[in-house]
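In: Here is a sequence with its predicted model. Questions after.
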Amino acid sequence: MTFSETIMLERIKTELGPRVIRGLLRSGFAMESAKGAAKWSYRRENRAFGLWLDFLFDTMKRGFRKERPVVWISAFTPSEIPHAFDLEPILPEVIASLAAHIGVSEHTISIAEQNLYSMDLCSFYRCGAGLALGGYLPKPDLIISTSHLCDGAHRFFHNMSQLFGCDHYLIDLPYENGGRAHTYVIDELNDLADFIGKRTGRHLDDERAAGVLELSNRTRGIMLEINELRRGVPSPLSGSEGMSYVLGMNFSTLGSQLGLAFFRALHGVIQERVNRVEGIIEEERYRLLWLHHIRPYYPNIIFDILGGLGAVVSFEEANHIYWEPMDPRHPLEGLASKMLSNFGCGPIEHRVEAILEMARKYRVNGAIHFSHWGCRQSCGGSYMIRDVMKERGIPTLVLDGDGADIRNYSEGQTRTRLEAFIEMLG
Amino acid sequence: MIVAGIDIGSLSSEAVILEDGEIMSYSIVLTGADTQRAAKTCMQEALEKAHLKFEAVSATVATGYGRINVPFALKTVTEITCHARGAHWLFPSTRTVIDMGGQDSKVISIDTEGRVLDFVMNDKCAAGTGRFLEVMAGALEVDLMEMGERSIRAKDGIAISSMCTVFAESEVISLIAGGCSKNDIIRGLHEAISKRIFTMAGKLRMEKPITMSGGVAKNRGIVDALRRLLKAAIHVPEEPQIVGALGAALSAWHLPSEAGMKNRGDWGGGSEDRAS
């Protein structure tokens, strides 16, 4: 490649790329065209992927057009809340992962850093801030986040509320379930319902809320069936997919008709693969469990290396269904229980217990803990988890890295770690 | 049976030739910008020392960062596995291998058979590597190979607070300007690097005995600093730089016969003319 070609490519990447994407997101016609083009190649082989594209483009389109009040929510805020109030949920963390995937996160992270966001801040939030500052996201009318799992989330969302001049409601989750914790969260959710009503004019309707929880429960049931299918050998769904659009829909659509349709379609796709005894890779020699909610979303070779060595991520911690069905007649009680039952809350023993159960259930030969810089709640326990897994005969690789900032990715170092780990499995 | 192991590292490349499990010859060359040329050169040198033609070698295994660029290798194995095998072969009681190479450092926990049980590597930062020492030697205007002896002659180590190669270089320049003894600065650098390795070893719940490999193991100052920190004896092979290549050769030795046991045909190295 000549020098001028390199410069041109760089300009396309850093300038034209984001502009085109912003144009697509803002233009209904272009949005439809892009959606159609993007789906063309996937529709026949993966209906679920097509539904995800529908959701993504339609959400952004409705959000930019302000067809209904836009609420930004953090990944761990139950999506049933915006759906119960008929709000348009936007998840900046999920869109940041998409930005990394399509190669624009370098640009948006640069925007954030130029605007004094520290390089020590989680790259998903730097990317999210850059997306917000660059005008790539629909403006929020309201922001809701929670205090559990992600340390950076409530600070980022508070900062965004300052940027956009809208209110931010932080659902403060007690460290651990038990005692007054459940009542405390229910009181908060009641308060949140009043707060949403005052800011958006949308009030909690018992019948609608019951319907949303009913949908969420039905979707949960299908997700459990999917997870059962994933116990099969060969693995019918890759961890790479599990932690991209599947997880994005898990975070965004529970409690909606689209969520139900998506997971039904995904179930169908996986069932077909199981029926055909079709695995993700040709010869499955090693089954792995992926720990933590994140994988690198920018172009990388991690899953290709693993596949080439006969290793497949059979399941990922992020898609473990940890909550019980919710009582549609008592939606706030159900949502409080769902949040409080997250195995990532409380002492590390909760997470260890859940991970050991997953390792047993999915019959894995080893685990990879992806330690994303910026995720203190997850990385803090990585070596403790490794030690417990080792005691149980499950070798675990702690793979340091970054989920959204490609500047922190080294292909050679990553390859050596992964290959050595697989060699270690024997 | 004659087999070869080749380790293409970021700074240097090594080849080891084994015959029936014994070392026949080895060579060490600088890698430079062309890893394929480095692979051929060091293989050729090792062949010449052993008075062999390439055709006499049944199988070659490549390791190191450039392992995928060795066209004549039958198989690639990571340097983590190779250093474990090499260290175990040299010192069978070894339970931990500390490999400090040109661009990375590793602490490897191994079992009684030399199999890897676990490992940790330094992150993308160059601290604790040969490259770090090379930059510091440049800043101090001393020969890299002298650093070990100078550190042993030091009266006291001067604390170096920064582990970033660029910042540490600035710190070293400031210390020189402040009139500090070069030997004391070098000892401080060695202690700082050793603390970093000590921390990595702690993550593995390290067991003894320990063997050190990689080019940095030639630096007595580092080895001494690590011995003091780890409160343990450390085995250092006569030529620590070839442990990875030795492990690769052992991997070739243990390749199952059904794998073909034949090198790829695209050697094209021209060694036939010079080797008898």
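Out: Ah, there it is. Computed from a predicted structure; not experimentally measured.
In: what about stretch B:199-212 and chain A, any contact?
Out: Yes: judged by CB under 8 Å from any CB of the partner chain, stretch B:199-212 and chain A are in contact via B:203, B:205. Every residue, glycine included, has its C-beta placed from N, CA and C.
In: First residue to last residue on that stretch, what's the distance there?
Out: Using CA to CA, to the nearest Å, the end-to-end distance of stretch B:199-212 comes to 16 Å.
In: where are the low-confidence patches of the chain?
Out: Unless you meant another one, I'm taking chain A. Within chain A, the ranges that satisfy pLDDT under 70 run A:1-45.
In: my bad, the chain I had in mind was chain B
Out: Scanning chain B for pLDDT under 70 picks out B:123-124, B:257-276.
In: What ranges does it have for its strands?
Out: Remark: strands assigned in chain B by DSSP state E are B:2-8, B:12-19, B:22-30, B:59-63, B:75-76, B:96-100, B:105-110, B:116-121, B:210-213, B:234-235.
In: Any chance of those in TSV with mean neighbour count as columns?
Out: Output for those, formatted as TSV (neighbours: other CB atoms under 10 Å in any protein chain shown):
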stretch	mean neighbour count
strand B:2-8	30
strand B:12-19	26
strand B:22-30	17
strand B:59-63	29
strand B:75-76	18
strand B:96-100	28
strand B:105-110	24
strand B:116-121	22
strand B:210-213	27
strand B:234-235	18
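In: want to throw the ones you listed into TSV with distance to A:Leu87?
Out: Listed next are the strands of chain B as TSV, based on distance: least, CB to CB, whole Å:
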stretch	distance to A:Leu87
strand B:2-8	57
strand B:12-19	61
strand B:22-30	63
strand B:59-63	56
strand B:75-76	53
strand B:96-100	55
strand B:105-110	51
strand B:116-121	46
strand B:210-213	60
strand B:234-235	63
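In: I figured A:Asn217 hits A:Asp327, correct?
Out: No: the pair A:Asn217 / A:Asp327 is not scored as a contact, 9.1 Å apart, by CB atoms under 8 Å.
In: Pick out whichever of the two has more residues nearby.
Out: Neighbours per residue (other CB atoms under 10 Å in any protein chain shown) separate A:Asn217 from A:Asp327, with A:Asn217 holding more: 18 against 13.
In: residues contacting that one?
Out: If you count contacts by CB atoms under 8 Å, 6 or more residues apart in numbering or on different chains, A:Asn217 has them with A:325-326, A:328.
In: For the host helix or strand of it, list every residue counted as buried.
Out: Using DSSP states H and E, A:Asn217 sits within helix A:206-229. When burial is assessed from 16 or more other CB atoms under 10 Å in any protein chain shown, helix A:206-229 yields the following buried residues: A:208-217, A:219-220, A:222-223, A:226-227, A:229.
In: Touching the helix or strand that it is followed by from outside, list them.
Out: Following helix A:206-229 in sequence order, the next helix or strand is helix A:239-242 (DSSP H and E). Helix A:239-242 is contacted from outside by A:288, A:290, A:295, A:303, A:312-316, A:318-319, using CB under 8 Å, 6+ apart.
In: could those residues go into CSV alongside secondary structure, distance to chain B and neighbour count?
Out: Formatted as CSV, the contacts of helix A:239-242 follow (DSSP: H, G, I helix; E, B strand; the rest coil; distance: CB to the nearest CB, whole Å; neighbours: other CB atoms under 10 Å in any protein chain shown):
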residue, secondary structure, distance to chain B, neighbour count
A:Leu288, strand, 16, 28
A:Trp290, strand, 18, 28
A:Arg295, coil, 18, 25
A:Phe303, helix, 18, 22
A:Val312, strand, 20, 27
A:Val313, strand, 20, 28
A:Ser314, strand, 22, 30
A:Phe315, strand, 22, 26
A:Glu316, strand, 22, 29
A:Ala318, helix, 24, 19
A:Asn319, helix, 27, 20
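In: What residues sit buried inside stretch A:406-424?
Out: Residues A:406, A:408-409, A:413-424 are the ones in stretch A:406-424 that count as buried (16+ other CB under 10 Å).
In: ok, and what's touching that stretch?
Out: Residues outside stretch A:406-424 that contact it (CB under 8 Å, 6+ apart) are A:100, A:105-106, A:123, A:286, A:296, A:298-302, A:305-306, A:309-311, A:366, A:368, A:373, A:395, A:397, A:399, A:401-402, B:65, B:76-81, B:104, B:115-119, B:121, B:124.
In: now, which of these lie within helices?
Out: Taking DSSP state H, the ones among the contacts of stretch A:406-424 that sit in helices are A:100, A:105-106, A:123, A:302, A:305-306, B:79-81.
In: before we move on, back to that, now distance to A:Ile81 too, for the contacts of helix A:239-242, in TSV please.
Out: What follows is the contacts of helix A:239-242, written out as TSV (distance: CB to CB, whole Å):
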residue	distance to A:Ile81
A:Leu288	34
A:Trp290	28
A:Arg295	26
A:Phe303	33
A:Val312	35
A:Val313	30
A:Ser314	32
A:Phe315	27
A:Glu316	25
A:Ala318	20
A:Asn319	21
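In: Chain A contacts on chain B?
Out: With CB under 8 Å from any CB as the criterion, chain B comes near chain A at residues B:65, B:76-81, B:104, B:115-121, B:123-124, B:203, B:205.
In: Could you tell me which ones among the contacts of A:Asn217 also sit near chain B?
Out: Okay, of the contacts of A:Asn217, nothing touches chain B (CB under 8 Å from any CB).
In: Adding neighbour count and secondary structure as columns, could you present the residues you listed in CSV?
Out: Below are the contacts of A:Asn217 laid out as CSV (neighbours: other CB atoms under 10 Å in any protein chain shown; DSSP: H, G, I helix; E, B strand; the rest coil):
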residue, neighbour count, secondary structure
A:Pro325, 16, coil
A:Met326, 25, coil
A:Pro328, 18, coil
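In: Could you single out the nearest of those residues to A:Glu391?
Out: Top of the list for closeness to A:Glu391, among those and by CB to CB, is A:Pro325 at 33.9 Å.
In: how about the nearest residue to the closest one, chain neighbours excluded?
Out: A:Asn217 (4.5 Å; CB to CB, 6 or more residues apart in numbering or on different chains).
In: Next: A:Asn300.
Out: Computed as CB to CB, 6+ apart, the closest residue to A:Asn300 that is not its neighbour in sequence is A:Tyr409, at 6.1 Å.
In: Dihedrals phi and psi, that neighbour?
Out: Per-residue torsions, A:Tyr409: phi -110, psi 130 (degrees, to the nearest 10).
In: hmm, back to that, out of the buried residues of stretch A:406-424, which one sits closest to chain B?
Out: A:Ala420 (3.7 Å; CB to the nearest CB).
In: The helix or strand where the closest one lies to strand B:116-121, inter-axis angle?
Out: Assigned by DSSP H and E, A:Ala420 belongs to helix A:411-425. Orientation of helix A:411-425 against strand B:116-121 (axes from the mean of the first three to the mean of the last three CA atoms, to 10 degrees) gives an angle of 160 degrees.
In: residues in contact with the nearest residue to A:Val277 once chain neighbours are set aside?
Out: Setting aside the residues directly before and after it, A:Val277 is nearest to A:Pro234 in space (CB to CB, 6+ apart), at 7.1 Å. By CB under 8 Å, 6+ apart, A:Pro234 lies in contact with A:277-281, A:284, A:312.
In: May I have the secondary structure class of A:Val71?
Out: strand (DSSP: H, G, I helix; E, B strand; the rest coil).
In: Tally up the residues packed near it, please.
Out: The burial count for A:Val71: 25, using other CB under 10 Å.
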